[in-house]
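Chemist: just the structure for this:
(one chain, ligands or ions: 2)
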Amino acid sequence: MSTPGPAAAHSVTPDLTDLVIRMDGVTVRRGPTVLLDSVDWSVELDERWVVLGPNGAGKTTLLRLAAAEMHPTAGVVHVLGERIGRVALFDLRPRIGLTSANLGIRIPGDEVVSDVVVSAGYGVLGRWRERYDAMDTDRATQLLEQLGMEGFAEREYRTLSEGERKRVLIARALMTDPELLLLDEPAAGLDLGGREDLVSRLSALALDPDAPASVLVTHHVEEIPPGYTHGLLLREGRVVAAGLLDDVLTDANLTETFGVPLSVQRRRRRYSAYLR
Ligand SMILES: Nc1ncnc2c1ncn2[C@@H]1O[C@H](COP(=O)(O)OP(=O)(O)O)[C@@H](O)[C@H]1O
Ligand SMILES: [Mg+2]
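Modeler: Ligands and ions are numbered 1, 2, ... in the order given. Here you go, the predicted structure:
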């Protein structure tokens, strides 16, 4: 299923430079298991996408392709105008900011918060130089402030709450000034207050016209930050629907995606869903 818009309308010769992500007939298989099945998707510069689907739907696999962390088994993936498989993934990665639970658990516990953020600019986990450039530390300080983490710069990562850790990881993902920000279940494991705090910060980021294009993976419609514009619904590796959030988040689409009869509501720019 194609995304509506000029790129899709002229899909014969797509201008890949305007597209942040483009997937054409993308399939990922591991042995007999099909993780993604013929996915077509495009993300434009000013768009903020939510990828929604149940556990095991293939969301993380989709995000890892967009993060240039893996190759498809079949089909073509372009990220930031580069074709995966034709470009050294190592060159592409600094242009992409990624947060995931997998990254969070790889941060050394005794790492100081400012180093967790600043080391992203050097593509490493864990401090490896005695000194970082002043410009980099300034940038890290500014990002920590932006995420409400001023005053935490000298704290050890292991002493932070789950919500504070998530905010540090997002600051880290933004450190390289990426052209694409990928967030894999950023609100997982947070309590209600922590979730709401994160949703409003992600909303501020989404509404900032200077912020990068972003893709946020979740399985809860309640976690969609206002300012996110598009949605892609995944079930068993297949796209159920993709397009503008309000067009895509229908009772029928959510029911098909999650396999239970769901009703979705929108109130004050937030979504909620419950069993019908
Ligand atoms: N290396 C692998 N080999 C076989 N199956 C895998 C592998 N990696 C992931 N899977 C399976 O692929 C499906 C999709 O995984 P994933 O993309 O992580 O889903 P999601 O993030 O939506 O929960 C899951 O059922 C998972 O168990
Ligand atoms: Mg996942």
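Chemist: just the buried positions in the helix or strand where residue 49 lies, please.
Modeler: Residue 49 belongs to strand 48-52 when assigned by DSSP states H and E. By neighbour count on 16 or more other Cβ atoms under 10 Å, the buried set for strand 48-52 is 48, 49, 50, 51, 52. (Each C-beta comes from the backbone N, C-alpha and C, glycine too.)
Chemist: nearest to residue 209, of the residues you listed?
Modeler: Minimum distance to residue 209 across the buried residues of strand 48-52 is 11.1 Å, recorded for residue 48 (Cβ to Cβ).
Chemist: what about the closest one, distance to residue 89?
Modeler: According to Cβ to Cβ, to the nearest Å, residue 48 and residue 89 sit 24 Å apart.
Chemist: assign a three-state SS to the closest residue to residue 94 other than its chain neighbours, would you?
Modeler: Distances taken as Cβ to Cβ, 6 or more residues apart in numbering place residue 176 nearest to residue 94, at 5.0 Å, with adjacent residues excluded. When the structure is split into helix, strand and coil by DSSP: H, G, I helix; E, B strand; the rest coil, residue 176 lands in coil.
Chemist: ok now do residue 176, which residues does it touch?
Modeler: The neighbourhood of residue 176, defined by Cβ atoms under 8 Å, 6 or more residues apart in numbering, consists of 94, 95, 97, 120, 121.
Chemist: ok, these vs residue 165, which is closest?
Modeler: Distances from residue 165 to those, taken as Cβ to Cβ, are shortest for residue 120 (14.6 Å).
Chemist: let me see the contact set for the closest residue in space to the closest one that isn't next to it in sequence.
Modeler: In this structure, residue 120 finds its nearest non-sequential neighbour in residue 175, 3.9 Å apart by Cβ to Cβ, 6+ apart. Under the criterion of Cβ under 8 Å, 6+ apart, the neighbours of residue 175 are 97, 117, 118, 120, 121, 136, 139, 140, 143.
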